[in-house]
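Colleague: Sequence first, then the predicted structure, then my questions.
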Amino acid sequence: MKARRGDLAFSLYCWLVYAFLLAPIFIVVLASFNSGAFLTFPPKGFSFRWYVVFFDNEVFRRAIVTSLWVAAIATVISGCIGTAAAIYHVCYAGRAKEAVRLTMLAPLLLPEVLTAIALLFFVYSVGIGTRGMVGLVVGHVLLTLPFVFMNVSASLESFDPDWDLAARSLGAGRVMRFRRIMLPMIKPGVIGGCLFAFIISFDTFTMSFLLKSVGTSTLPIQLFDYLKTNFTPEAAAVSSFSVGLTMLVVVFTEKVLGLKIRRF
Amino acid sequence: MNPGRRRVSAPMLLLLPALVVLTLFLLVPYLNIFVMSFRMPGQGVPYAEGWTFGNYGKFFSDWFFIGQLVNTLWIGAVTTLACLLIGYPVALQLARGSERLRALRYGIVLTPLLVGIVIRSYGWTIILGNNGIINRTLTGWGLIDGPLPLMYNGLGIIIALTHVLLPFMILPVMSAIQGIDPAVELAARSLGAGRSTVFRRVTLPLSLPGVQSGCILVFILSVSAYVTPALIGGLRVKTVAVSVVDALIDSFQWPFGSALALILSVVGGVCVLAFARMTRMRWAVRR
């Protein structure tokens, strides 16, 4: 009986932690359906009013488009070079395997704010500056590269070099071997890694904040600017939209594609 | 065509693009920061000609900056401890508890990683602010007269950082516990140990490598965090990372900002090494 009560307390404690983890996100989503002009709790009635305001706001629309573009470009670049590096890591690295892994994960292990500053100095000293989107995209590639690498590496864990040899002895060429053996194996890893990279890039703040050019801003930056002066639930609507988009991507990956997103 | 040469160089071509990107845009910029920290401060320009140790001197001769560093490390330590105390039971439950709703619970643990930092901090503002839910409710019930200072101070930063960084504690601890052979625990039970004894003498000690890597991870991330302290800390409480960005972007002092960033990295690194030494365990590399 005593153990039973202990179990219950333990389980309750864990659910409290889950509530803590969800609290700020839940509150923001709840606030976005407020029909009043200000953030009040409990909300004054239910409405989509602030979503309408948000979609009519050109500044936010532009920020979303910028965010999507940057995320798409960064994801494509990271996807290509990260996948290639992961194949090298699993199949050819040999004794340098651990060194390759640590190098590829370096952007994740170094503080984002420091990396962003270092990159900012760098683009100025080589004369690119922050006029175009080059610095911004490079920063996002650095951020997202480890996620593609980890996902693809993980999907190759069970790869056996003998399969490649067997195919070769049966006369399959390099392209054929890649298409028929490697590609099916890494496909889930590539898709999962790229989707995760996209989410990370879409949501990141520090890197964009320091490397954006004057006049362009991504959605998190626009939201940050907006929150400095405004207190209407429009910000909550913007946030909920962003959260919804992310969740959609995750659910799509897990349910439709049947993949597991690995962050570690 | 030289087939021998092609076999050697072709796989290397796979790694090359990533290596070039990381060298050019990560290694070189970091070296650049190091060099920058010895530059002379400039007037109206980011830096001037000549070299100096003055940027480091400026830090160590000013109690304001030293106090800020101590405060940053303190916030990091408390956040790490909070993550450990809050996260360990959840990690245990995810690894060993019932299978019911496990996917959902695992998903909840991951949510802070999937939602942007600005949005999370905004959520905390609504909850903790002077006009926030907690203060409004307590005032409404007549329990307090004025708003409790939950935000714009160290406490707010610690709450928000603990929230953001919990997954980085839970996931390594969870995988460490999952790595323990259940037979070991069963053996202890069959020898007459109670459940709490098994936990204390078997599960907990065997999960310590996961605890160690979780603690190191959370500490590093909380000491170097920028957005959360900047948004939740307001103007009154500044961590070193916030000061670094201020020095670089607002007052345009590139050499001093670089020195500040390097001091933070080195001191943080020394703390981590001391912790690893103290816990006297092999470095558990994160998977």
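Modeller: Yep, that arrived. Numbering: from 1, shown residues only, chains lettered A, B, ... in the order given.
Colleague: going forward, measure contacts between C-alpha atoms and count neighbours the same way
Modeller: Fine.
Colleague: what's the nearest residue to A:F224 if we skip its chain neighbours?
Modeller: B:V118 (6.5 Å; C-alpha to C-alpha, 6 or more residues apart in numbering or on different chains).
Colleague: Near that neighbour, how many other residues are there?
Modeller: Neighbours of B:V118 under the rule other C-alpha atoms under 10 Å in any protein chain shown: 23.
Colleague: pretty sure it is in a helix, no?
Modeller: Yes - the assignment for B:V118 is a helix, going by DSSP: H, G, I helix; E, B strand; the rest coil.
Colleague: hmm, which helix or strand of chain A has the shakiest average pLDDT?
Modeller: When the helices and strands of chain A are scored by mean pLDDT, DSSP states H and E, helix A:49-56 comes last with a mean of 82.
Colleague: buried stuff in that helix?
Modeller: When neighbours are counted by 16 or more other C-alpha atoms under 10 Å in any protein chain shown, the buried residues of helix A:49-56 are found to be A:R49, A:W50, A:Y51, A:F54.
Colleague: related to what we said a few turns ago, for the residue nearest to A:F224, report the pLDDT, please.
Modeller: Predicted confidence (pLDDT) at B:V118: the value is 86.
Colleague: circling back: of the buried residues of helix A:49-56, which is the nearest to A:G82?
Modeller: For the buried residues of helix A:49-56, the residue nearest A:G82 by C-alpha to C-alpha is A:F54; the value is 35.9 Å.
Colleague: if you skip the residues just before and after it, what's nearest to the closest one?
Modeller: Ranked by C-alpha to C-alpha, 6+ apart and with sequence neighbours excluded, the top spatial neighbour of A:F54 is A:E234, at 6.0 Å.
Colleague: show me what contacts the one you found?
Modeller: When contacts are counted by C-alpha atoms under 8 Å, 6 or more residues apart in numbering or on different chains, A:E234 is found next to A:S32, A:W50, A:Y51, A:V53, A:F54.
Colleague: Tell me which residues touch the residue nearest to A:F224, please.
Modeller: Counting by C-alpha under 8 Å, 6+ apart, B:V118 makes contact with A:F205, A:P220, A:L223, A:F224, B:V227.
Colleague: who's in contact with the longest strand seen in chain B?
Modeller: Within chain B, and with DSSP state E defining each element, the longest strand by residue count is strand B:47-51. For strand B:47-51, the surrounding residues in contact (C-alpha under 8 Å, 6+ apart) are B:F38, B:R39, B:M40, B:P41, B:G42, B:Q253, B:W254, B:P255.
Colleague: What about the residues you listed, which are in strands?
Modeller: B:R39, B:M40, B:P41.
Colleague: Kindly write the ChimeraX command that selects the buried subset of the residues you listed.
Modeller: Selecting the buried subset of the ones in strands among the contacts of strand B:47-51 in ChimeraX, with 16+ other C-alpha under 10 Å as the burial test, is done by:
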select /B:39,40,41
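Colleague: List just the nearest of the ones in strands among the contacts of strand B:47-51 to chain A.
Modeller: Ranking those by separation from chain A, with C-alpha to the nearest C-alpha as the measure, puts B:R39 on top at 13.2 Å.
Colleague: Look up which residues are beta-bridged to that closest one.
Modeller: Applying DSSP bridges to B:R39 gives these bridge partners: B:W51.
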